[in-house]
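>>> sharing a model that was predicted from the sequence below.
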Amino acid sequence: VTARISYTEFNEVGQAFRVGRYPIHFHINGNVTGSYVRGNAIHRSYNRACTIHAVNNLLVEHNVVFNIKGLSFFVEDGVEEDNILQYNLAVYTRQSNSLLNPDIQPGSFWIVNPNNIVQHNAVAGSTHFGFWYRVLQNPDGPSRTNSYCPNGAPMGRFFNNSAHSNGLYGIWLFTAGEKGWIPRDGSRDDGYC
């Protein structure tokens, strides 16, 4: 599958209280090499901005999101790798009681697999977190499996990002009571386990 979404304005979008009803949603597409989300403006969303769910090799760049309820840039289950999120701006990511627990204390960037590139992004005015790395021992959601261990995956890249005036932290590394994140050079062949 190849999809290219570019230079489009999304306003008054995202259906609250409806899982999967996000303005931009790559959903269990696997390898999407050549696909991108580039130069879009998403504002006043009632349910996230850009969701990457069980997708690899997606480029998300030069997007501006404003006044988003829930996680703005949402890398979902923990199996997502080799995606590039760069040169994006997220302003005023807001708390939402309409979906998952993380939306109650949202991060503008929610990353659950460290083996992605997150660089040159800026966050301002999130009600809670700018960048939230929630790296669990095993993926959750529809991608749940014990044969893949994102907490053992290597760190892709986190470089030259900034977070200003957020309600709690600019960057938060939190594993929800599970074993801690131990970045290492593992093998994709054994799922980093």
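Structure's in. What do you need?
>>> and the worst-scoring helix or strand of the chain on mean pLDDT, how far out from the chain middle?
Least confident helix or strand, the chain: helix 101-104 with a mean of 85, by mean pLDDT, DSSP states H and E. Distance, stretch centre to chain centre, for helix 101-104: 13 Å (C-alpha atoms, centre = their mean, to the nearest Å).
>>> do stretch 25-34 as well
Remark: stretch 25-34 is offset 14 Å from the chain centroid, using C-alpha atoms, centre = their mean.
>>> list the buried ones in that stretch?
Within stretch 25-34, the residues that count as buried by 16 or more other C-beta atoms under 10 Å are His25, Phe26, Asn29, Val32. Heads up, the C-betas are built off the backbone N, CA and C, glycines and all.
>>> stretch 14-25 now?
Here stretch 14-25 shows Gly14, Tyr22, Pro23, Ile24, His25 as buried, counting by 16+ other C-beta under 10 Å.
>>> pull up the distance across it, start to finish.
End-to-end distance of stretch 14-25 (C-alpha to C-alpha, to the nearest Å): 10 Å.
>>> do the same with stretch 50-62
First residue to last in stretch 50-62 (C-alpha to C-alpha) measures 12 Å.
>>> could the buried residues of stretch 25-34 be laid out in a markdown table, adding distance to Leu168?
Below are the buried residues of stretch 25-34 laid out as a markdown table (distance: C-beta to C-beta, whole Å):
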| residue | distance to Leu168 |
| --- | --- |
| His25 | 27 |
| Phe26 | 28 |
| Asn29 | 32 |
| Val32 | 32 |
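>>> how about the residues you listed in a markdown table, adding distance to Trp110 and pLDDT?
Output for the buried residues of stretch 25-34, formatted as a markdown table (distance: C-beta to C-beta, whole Å; pLDDT from 0 to 100):
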| residue | distance to Trp110 | pLDDT |
| --- | --- | --- |
| His25 | 14 | 97 |
| Phe26 | 15 | 97 |
| Asn29 | 19 | 95 |
| Val32 | 19 | 98 |
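>>> please produce TSV containing those, extended by distance to Gly107 and secondary structure.
Below are those laid out as TSV (distance: C-beta to C-beta, whole Å; DSSP: H, G, I helix; E, B strand; the rest coil):
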residue	distance to Gly107	secondary structure
His25	18	strand
Phe26	19	strand
Asn29	23	strand
Val32	23	coil
